[in-house]
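**Q** pasted the sequence and its predicted model underneath.
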Amino acid sequence: MQQSQLLAHCGSSKITREELKAIPTPEGSATHQPIQHSQIVEALVESLSFRHISAIREEYAVSNDGMKMFGVLDLETTFDGCRFSVGIRNANDKSMRLALTVGYRVLVCDNMAFHGDFTPVLAKHTKHLSLVDVLSIGVDRIQRNFEPMKKQLEAWKATQIPDATAKLVIYRAFVEGELDVPKHLARRVHDLYFNPQIEEFTARTTWSLSNAFTSAFKDLDPIPQFRATAKLASFLELATSSSS
């Protein structure tokens, strides 16, 4: 299940990792330390490799002036049909911090949308910033959180929910507006859950209900889709526990 996206439509262009090396880095100041985009990527990949984690797919984009960089790396680490991804962004014009986000749902966009299941790195470009240390700590956090994210999905797959509970959750999401998504998707979610087209989601579980929501969200544009998906887990945790 691939759920990572890099969107470049606000004046940026997609380029390769090798092409990142040609992007110039501006001079720093006493309070701001620009970092070469390619140096960040190389340090991240190296830090991942030290922990025997490799990327099987990567995409990058830079703004027209070369000051901002965005990227996603899909990792070889998989579980139950899902794949972890890392989102990365950097700006040498003081517009945003160096940041990583990670999860099995990741969106990075040049309009500053930056979504994942958690954010292990958010660092200012100060003169005391140690890129290697920041990324090493970030990757340690990534690796430590693999297991909690796996356990959450395993728990969802093991949690059976009554049909009445599923209907109430859908009602709360769309009719009562507890989830910020278009109301016309309610019927789509209902049909995907109660008449699933994939054998894996025939079980009446929280995981199947989550899949019904995320599959319906695919009718949305990418940014609203990922914003809705990012809020889904916390909504389902609350709604299914309070409705049971």
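**A** Perfect, thanks for sending it. Residues are numbered from 1 along each chain as shown.

**Q** pull the longest helix from the chain.
**A** helix 131-158 (DSSP state H).

**Q** in that one, what counts as buried?
**A** Across helix 131-158, burial judged by 16 or more other CB atoms under 10 Å covers 131, 134-136, 138-139, 142-143, 145, 149-150, 152-153, 156-157. Where C-beta positions appear, they are placed from N, C-alpha and C, glycine not excepted.

**Q** for residue 12, what are its contacts?
**A** Residues in contact with residue 12 (CB atoms under 8 Å, 6 or more residues apart in numbering) are 61, 62, 63, 64, 68, 70, 110.

**Q** buried ones only from these, please, as a PyMOL command.
**A** The buried subset of the contacts of residue 12, as determined by 16+ other CB under 10 Å, is captured in PyMOL by this line:
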select buried, resi 61+62+63+68+70+110
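
**Q** so which bits of the helix or strand following the longest helix of the chain are buried?
**A** Sequence order places helix 163-174 as the next helix or strand after helix 131-158, per DSSP states H and E. The neighbour-count check on helix 163-174 (16+ other CB under 10 Å) flags 165, 166, 168, 169, 170, 172, 173, 174 as buried.

**Q** tell me the mean pLDDT over helix 163-174?
**A** Averaging pLDDT along helix 163-174 yields 96.

**Q** stretch 227-244 now?
**A** Per-residue scores along stretch 227-244 average to 82.

**Q** now do stretch 199-215
**A** Mean predicted confidence for stretch 199-215 is 91.

**Q** CA-only coordinates of that stretch in PDB, if you can.
**A** Coordinates of the C-alpha atoms in stretch 199-215 are reproduced here as PDB (Å, rounded to 0.1, in the frame of the first residue of the first chain):
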ATOM      1  CA  GLU A 199     -10.800  -9.900   0.400                       C
ATOM      2  CA  GLU A 200      -8.400  -8.400   3.000                       C
ATOM      3  CA  PHE A 201     -11.000  -5.900   4.100                       C
ATOM      4  CA  THR A 202     -14.100  -8.200   4.500                       C
ATOM      5  CA  ALA A 203     -13.500  -8.500   8.200                       C
ATOM      6  CA  ARG A 204     -15.500  -6.100  10.300                       C
ATOM      7  CA  THR A 205     -12.500  -4.400  12.000                       C
ATOM      8  CA  THR A 206     -11.200  -0.900  12.700                       C
ATOM      9  CA  TRP A 207      -8.600  -1.600  10.000                       C
ATOM     10  CA  SER A 208     -11.300  -2.300   7.400                       C
ATOM     11  CA  LEU A 209     -13.200   0.800   8.400                       C
ATOM     12  CA  SER A 210     -10.000   2.900   8.100                       C
ATOM     13  CA  ASN A 211      -9.400   1.500   4.700                       C
ATOM     14  CA  ALA A 212     -13.000   2.400   3.600                       C
ATOM     15  CA  PHE A 213     -12.400   6.000   4.700                       C
ATOM     16  CA  THR A 214      -8.900   6.300   3.000                       C
ATOM     17  CA  SER A 215     -10.200   4.600  -0.200                       C
END
